[in-house]
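K.L.:
sequence and predicted structure are below.
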Amino acid sequence: MVAARVRLLLVTLWVGSMWAIGYIVAPTLFATLADRVLAGFIAGKLFRIEAWVSVVCAIALIAMVLRKTGGDTKARKHLLWIICGMLACTLVGYFGLQPFMATLKEAAVGGVMDPEARSRFGMLHGVASAFYLIQSVLGGLLVWKLR
């Protein structure tokens, strides 16, 4: 019973922080701050923290699900697939795509990207956002499955 509550607490931390940062805090930064570069810088720092929260929560949850004995094996497999899918979204979206986006930002002269770099950055940002959305939906499914 304690393990189930800890598992639910970890999922709540993970999915709640992901939804709060991605869908409340980051849009508020861009809507509130006149300096979009500063808003992007702060959002980037928050997404970095969120990526590490995702990795830690995923590893802890995978370990907990694998250690669980008894119960429905099929349900455990579903949980593992969802958790691993969410972790994969983090690894691809943040640790895979973000370094390319950072390189494009660093190459910008005076904070201004040339049109080709801006287009590439927009494409990468869109792909990273799609992975974040997929992870968010999987997070909702994970919460649903644990309740």
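P.N.:
Right, received. Where do you want to start? In this text, all values refer to a predicted model and were calculated from it rather than measured experimentally.
K.L.:
in stretch 136-146, what's buried?
P.N.:
Residues of stretch 136-146 classed as buried by neighbour count (16 or more other Cβ atoms under 10 Å): 136, 138, 139, 141, 142, 143, 146. C-beta coordinates here come from the backbone N, C-alpha and C atoms, glycine included.
K.L.:
other SSEs contacting the helix or strand where residue 30 lies?
P.N.:
Residue 30 belongs to helix 26-32 when assigned by DSSP states H and E. Packing partners of helix 26-32 (3 or more Cβ pairs under 8 Å, 6 or more residues apart in numbering; DSSP states H and E): helix 36-67.
K.L.:
list the buried residues of the helix or strand just after the helix it packs on.
P.N.:
Past helix 36-67, further along toward the C-terminus, the next helix or strand under DSSP H and E is helix 73-90. Taking 16+ other Cβ under 10 Å as the neighbour-count basis, helix 73-90 is seen to contain the buried residues 79, 82, 83, 85, 86, 87, 88, 89, 90.
K.L.:
cool, stretch 107-118 as well?
P.N.:
For stretch 107-118, the neighbour count (16+ other Cβ under 10 Å) marks 113, 117 as buried.
K.L.:
now it: mean pLDDT?
P.N.:
Stretch 107-118 comes out with an average pLDDT of 80.
K.L.:
again with stretch 46-54
P.N.:
Averaged across stretch 46-54, the pLDDT comes to 97.
K.L.:
mind listing what's buried in it?
P.N.:
Buried positions in stretch 46-54, judged by neighbour count with 16+ other Cβ under 10 Å: 46, 47, 50, 51, 53, 54.
K.L.:
can you check stretch 92-104 too?
P.N.:
Across stretch 92-104, burial judged by 16+ other Cβ under 10 Å covers 92, 93, 94, 97, 98, 101, 104.
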